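Undergrad: Task: produce atomic coordinates for the following.
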Amino acid sequence: MPKSKRNRPVTLSKTKKKPGQERKGRVVTEIKDAAENYSSAYVFTYNNMRNQKLKDLRDQLKSSSRIFLAGKKVMQIALGRTAADEVKTGMRKLCKFLQGSSGLLFTNLPRDEVESLFRDFEEHDFARTGTVATETVELKEGPLEQFSHEMEPFLRKQGLPVRLNKGVVELVADHVVCEEGKPLSPEAAHTLRLLGTRMATFRLYLVCRWSPDDFEVYKEGLEQLGADEAADESS
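TA: Now for the predicted structure:
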């Protein structure tokens, strides 16, 4: 009777690590190295992430800083969550603020330069599905001359009550594209893009700062993160 392949012994030395585990281990090592090589560290949070804009910022800061956006537990493990295993004294305090949409910045830049950089950083872009509308957009009945006649079928699919009138796209009734304070539907997001209306702003907010001499919490970033409990715990 042939031997079952299921019963074949496999030595541990031949087992392969999962790609995800290798990647996490590499990130932990890189964060530990950054903690040793940079003079200060920040936790930051963000709204309406835009990958290309973040890449541009990384390129801008590559000579003086390092940015990490990884799993929160991975970043916490790398920093050390207790006094016994923290990379540097006091650095465990950063872990309490690594929640929600947050990341780490290690830098040699002066504090005022970092604060100025984050305060001025923003990128306006088209909002995606699910983004909360910042204003109410309503189209009035009448011709939509910004759209060619070929767009009429697509506009109808987006829920706009349109028709062709002598080759001109015409709205046959007032139409509310979105309402302030409500999430955008896929159709509303598409329509706003067609209208050239940008409702999303990619912003970065500093939440807290660590240096060998002190630890500081930023009120605006804390409010954005919603980490009031973490602030109480770190005091």
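
Undergrad: all helices of the chain, in order?
TA: Using DSSP state H, the helices of the chain run over 19-37, 51-61, 72-79, 111-120, 152-157, 186-195, 219-225, 228-234.

Undergrad: want to throw the ones you listed into TSV with mean pLDDT?
TA: As requested, these are exported to TSV (pLDDT from 0 to 100):
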stretch	mean pLDDT
helix 19-37	87
helix 51-61	89
helix 72-79	93
helix 111-120	93
helix 152-157	92
helix 186-195	93
helix 219-225	88
helix 228-234	43
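
Undergrad: can you tell which of these is closest to Thr129?
TA: helix 186-195 (4.7 Å; C-beta to C-beta). Heads up, the C-betas are built off the backbone N, CA and C, glycines and all.

Undergrad: Send me that closest one as CSV with only the CA atoms.
TA: Provided in CSV are the C-alpha atoms of helix 186-195 (Å, rounded to 0.1, in the frame of the first residue of the first chain):
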residue,chain,number,x,y,z
PRO,A,186,-20.7,56.1,-6.0
GLU,A,187,-22.9,58.1,-8.4
ALA,A,188,-22.4,61.3,-6.4
ALA,A,189,-18.6,60.8,-6.3
HIS,A,190,-18.5,60.2,-10.1
THR,A,191,-20.7,63.3,-10.8
LEU,A,192,-18.6,65.6,-8.6
ARG,A,193,-15.5,64.5,-10.5
LEU,A,194,-17.2,65.3,-13.7
LEU,A,195,-18.2,68.7,-12.3
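
Undergrad: How far off centre is it?
TA: Distance of helix 186-195 from the chain centroid (C-alpha atoms, centre = their mean, to the nearest Å) equals 21 Å.

Undergrad: does Ala188 really touch Cys178, like I thought?
TA: Yes. Under the criterion of C-beta atoms under 8 Å, Ala188 makes contact with Cys178 at 4.5 Å.

Undergrad: Need the residues touching each of the two.
TA: Residues touching both Ala188 and Cys178 by C-beta atoms under 8 Å, 6 or more residues apart in numbering: Ala133.

Undergrad: Between the helices of the chain, which one is closest to Leu104.
TA: Closest approach to Leu104 among those is made by helix 72-79 (5.8 Å; C-beta to C-beta).

Undergrad: Quick one: list the elements packing against that closest one.
TA: On a contact count with 3 or more C-beta pairs under 8 Å, 6 or more residues apart in numbering; DSSP states H and E, helix 72-79 meets helix 19-37, strand 102-107.

Undergrad: just the angle between the longest strand anywhere in the chain and helix 186-195, please?
TA: Counting by DSSP state E, the longest strand found in the chain is strand 200-210. With axes from the mean of the first three to the mean of the last three C-alpha atoms, to 10 degrees applied, the angle from strand 200-210 to helix 186-195 works out at 100 degrees.

Undergrad: do you know how far the residue nearest to the spatial centre of the chain is from Thr131?
TA: In the chain, the centroid-proximal residue (C-alpha atoms, centre = their mean) is Met49; its distance is 3.6 Å. Distance, Met49 to Thr131, by C-beta to C-beta, to the nearest Å: 12 Å.

Undergrad: Buried residues of the longest strand of the chain, list them for me.
TA: By 16 or more other C-beta atoms under 10 Å, the buried positions in strand 200-210 come out as Ala200, Phe202, Arg203, Leu204, Tyr205, Leu206, Val207, Cys208, Arg209, Trp210.

Undergrad: Show the model's pLDDT score for the fourth one.
TA: It refers to Leu204. pLDDT recorded at Leu204 is 92.

Undergrad: That one contacts Asp120, correct?
TA: No. Leu204 lies out of contact with Asp120 (C-beta under 8 Å); the separation is 9.9 Å.
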